[in-house]
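**Q** Predicted model, plus sequence, below.
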Amino acid sequence: MHEPPGSSFVAPPGMVSAVVDPQSGELATDWCPTRTRQWYKPGSEPTEQCHLHTGPPEGQIAVDAGDAQSNDARNDPIGAVGRSLGKLLRKIIRW
C-alpha cells in the first residue's frame, strides 16, 4: 500500500511500514535516488536492501571525510566561515 505524497493517510491497525526504493521494491539505501514509505501486512515487508543502488551514481566520486570541508566551503561558504571561526576561537581560548 503506497502512501500518496502530502496526504494524511492513516495506515490500518497492525500494518508495518518500510522505506523502499520504488524502482527495486527493496529497502532503500543511502544511495537510492528516490525513497518512498510503503505499508505492508506484517511479514510481507521487504527484508533485502536495494541491489540496484549500492554506491554513488556512475561518474560521481564519493567524498571522504578529509575532503568534506573543502566541498562544504564550495556549497556552503557561510557555514565554512563559521567552522573556521570556531576553530580559531578554540585555539585562542586554549591559549
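**A** Great, that's in hand. Numbering: from 1, shown residues only.

**Q** what is residue 49 paired to in the beta sheet?
**A** Assessed by DSSP bridges, residue 49 has beta-bridge partners residue 27.

**Q** hang on, it packs against residue 29?
**A** Yes: because the distance of 5.3 Å satisfies Cβ atoms under 8 Å, residue 49 is recorded as touching residue 29. Bear in mind the C-beta positions are built from the backbone N, C-alpha and C, glycine included.

**Q** Poorly predicted segments of the chain, please.
**A** Judged against pLDDT under 70, the low-scoring parts of the chain cover residues 1-7, 57-80, 94-95.

**Q** what about residue 32, which SS state?
**A** Taking DSSP: H, G, I helix; E, B strand; the rest coil as the rule, one finds residue 32 in the coil state.

**Q** my bad, should have said residue 37
**A** Taken by three-state DSSP, the conformation at residue 37 corresponds to strand.

**Q** Run a quick neighbour tally on it.
**A** Other residues within reach of residue 37 by the criterion other Cβ atoms under 10 Å amount to 14.

**Q** Spit out the contact partners of it.
**A** If you count contacts by Cβ atoms under 8 Å, 6 or more residues apart in numbering, residue 37 has them with 3, 17-20.

**Q** Okay, it and residue 21: tell me how far apart.
**A** In this structure, residue 37 lies at 12 Å from residue 21, with Cβ to Cβ, to the nearest Å as the measure.
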